[in-house]
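In: Provided below for reference: sequence and predicted model.
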Amino acid sequence: MAPGGDGTSAAGPGARGVYAISVAAELVGTGQQNIRQYERKGLLTPGRTDGGTRRYSDNDLATLRRIATLLDEGLNLAGVKLVLELEAENRGLTEDNKGLADDNRGLREDNRGLRKDLRRARGGDR
């Protein structure tokens, strides 16, 4: 799964695990066993304390809510996993595309400047 695909491996706000499994389960309205099953199936990977206790972040809670939505829509866990992976891939591609668009804008600006310099060098812009 791509970084951030499960909502936990991306750095930044919301990525720090602070909630115990009991609190996470209560906040998203599911059972602790469900959350453990989602982890076993690879749908999310919570942070762990040095002692091995699971700690869920705000991003994990968002992922758990997304899982619940997909299950309510009739997907099984294999389908949910695929959707989460595809959504993560799509986010990555969208970020890549934005970066490429920015690079393209910069290259076009450079090209305009080079053309202007060439015209000046040829004596056409005095």
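Out: It's in.

In: going by C-alpha atoms from here, please, whenever you check contacts or count neighbours.
Out: Will do.

In: below-threshold pLDDT in this structure: ranges please.
Out: The chain contains residues with pLDDT under 70 at 1-13, 124-126.

In: now do the helices in this structure.
Out: 21-28, 32-40, 58-72, 77-121 (DSSP state H).

In: helices or strands up against the longest one?
Out: Contacts of helix 77-121 with other secondary structure elements, assessed using 3 or more Cα pairs under 8 Å, 6 or more residues apart in numbering; DSSP states H and E, are made with helix 58-72.

In: quick check: buried residues in the helix it packs on?
Out: Judged by neighbour count (16 or more other Cα atoms under 10 Å), helix 58-72 contains these buried residues: Asp58, Asn59, Asp60, Leu61, Ala62, Thr63, Leu64, Arg65, Arg66, Ile67, Ala68, Leu70.

In: format those residues as a markdown table; extra columns: distance to Lys98.
Out: Below are the buried residues of helix 58-72 laid out as a markdown table (distance: Cα to Cα, whole Å):
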| residue | distance to Lys98 |
| --- | --- |
| Asp58 | 26 |
| Asn59 | 23 |
| Asp60 | 25 |
| Leu61 | 27 |
| Ala62 | 24 |
| Thr63 | 24 |
| Leu64 | 28 |
| Arg65 | 27 |
| Arg66 | 25 |
| Ile67 | 27 |
| Ala68 | 30 |
| Leu70 | 28 |
